[in-house]
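>>> predicted model and sequence follow; I will ask about them next.
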Amino acid sequence: MLESVKSALTGYDLVLDQKNLRISKTELTGKKHSVVLTGRNPGRKEMAVMFIATGLPEALPGLGRKLPITINTATLPFRVVSR
C-alpha cells in the first residue's frame, strides 16, 4: 500500500517510509503528527489514492470530521490538543 502512495506522489519532493515523512524541507518524525496524502492512482487515472496516518489514536475522530472539508482545498493544517 505504501508503494502505491509513493508512486502516486512521484514528482513531489517527498520521502516516505514506515517511520518518517519529509515533504520538501519539513520533516515529521515521532508520534505527535497526523498526515493525509492524496494523489492520482497510477493504475486508474480517474481514481485517487489516499494515505492517512497518525501516531495519535485520539486524532482519528477529528480526521474523520475534517477530511470531507478538504475536497475543495489543497491543504488542511490542524493541531490535536490533548485533554
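Here it is on my side, so go on.
>>> against F51, how distant is the most centrally placed residue in the chain?
Residue closest to the mean C-alpha point of the chain, counted by CA atoms, centre = their mean, is V36 at 2.0 Å. Using CB to CB, to the nearest Å, V36 is found at 7 Å from F51. (Glycine included, C-beta is placed from N, CA and C.)
>>> any weak-confidence spans in the chain?
1, 30, 68-83 (pLDDT under 70).
>>> so what does L60 look like in phi/psi?
Backbone torsions of L60, given as degrees, to the nearest 10, read phi -60, psi -40.
>>> what is the neighbour count of it?
By other CB atoms under 10 Å, the residues close to L60 number 13.
>>> find the nearest non-adjacent residue to it, please.
Nearest in space to L60, with sequence neighbours left out and distances taken as CB to CB, 6 or more residues apart in numbering, is T54 at 6.5 Å.
>>> over to the one you found: give its phi and psi.
The phi/psi pair for T54 (degrees, to the nearest 10) reads phi -150, psi 150.
>>> that one bridge partners, please.
On the basis of DSSP bridges, T54 is bridged to S34.
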